[in-house]
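Undergrad: fold the following and give me the result.
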Amino acid sequence: MTNVDTALAARLEQLERTTRRTRLLAIASGVLLLVTWLTAAAWQQAQTHQDAVRTRLLVIEDAEGRDRMVLGAPMPDGREYVGMKILNADGAEQFGLGLKADGSVSMGFDTKPGVGHPANRERLNMGVSATGQGWIRYLDNQTRARMFVQLDSADAPIIQLLDWPDDQRIVVRQIGFSGEQTFEWER
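TA: Below you'll find the predicted structure:
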């Protein structure tokens, strides 16, 4: 081999070493850049605090996966109102809250299933009408309204006691500051 060949071989070997080093440096730089980017993204995501969850329906489940609370706008039962209901472990509603389109709002408290008439377990309702009058209604275990406490159109308090003597009529005794009266409603 001549001096020129030896010099050329040495330069070629040096060039190959330089190329290998450059490749390793490029790969290491790429990995370092990727790790830096992923670390920064993870840190930024951890630092981001979400102040609101936006949805039309929220169902909260218990540890066994049973629906226990439903919040909806509108509620998923077909009636057009914004509301909330709390369910017992068997999925039966025990409390409901509703805001209707006319601005009236009401709450209903239900007894557990198996108590009283099965068609309607509600025993206490309260609310505010669209015109601003507050009211409370008590029902017995046969789902008959037995007492109303309300404000009339002049915001005067009224108590109505209801008796159901037969299938034809309801006897109402109304007591208020304007006096007391008894009348009947047809059923």
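
Undergrad: do I have it right that residue 98 meets residue 80?
TA: No. Residue 98 lies out of contact with residue 80 (C-beta atoms under 8 Å); the separation is 10.0 Å. Bear in mind the C-beta positions are built from the backbone N, C-alpha and C, glycine included.

Undergrad: so for these two, which sits in the more crowded spot?
TA: residue 98 (20 against 8; other C-beta atoms under 10 Å).

Undergrad: so what's the more buried one up against?
TA: By C-beta atoms under 8 Å, 6 or more residues apart in numbering, residue 98 lies in contact with 75, 79, 81, 82, 83, 105, 106, 107.

Undergrad: mind doing that once more with 7 Å?
TA: Residues in contact with residue 98 (C-beta atoms under 7 Å, 6 or more residues apart in numbering) are 81, 83, 105, 106.

Undergrad: let me know the closest of those residues to residue 28.
TA: Residue 28 lies nearest to residue 83 out of those, by C-beta to C-beta, at 59.7 Å.

Undergrad: just give me the neighbour total for the closest one.
TA: As a burial measure, residue 83 scores 21 neighbours (other C-beta under 10 Å).

Undergrad: with residue 159 instead?
TA: For residue 159, the count of nearby residues is 14 (other C-beta under 10 Å).

Undergrad: picking that back up, most neighbours among the contacts of residue 98, which one?
TA: Among the contacts of residue 98, residue 83 has the most neighbours (other C-beta under 10 Å), with 21 neighbours.
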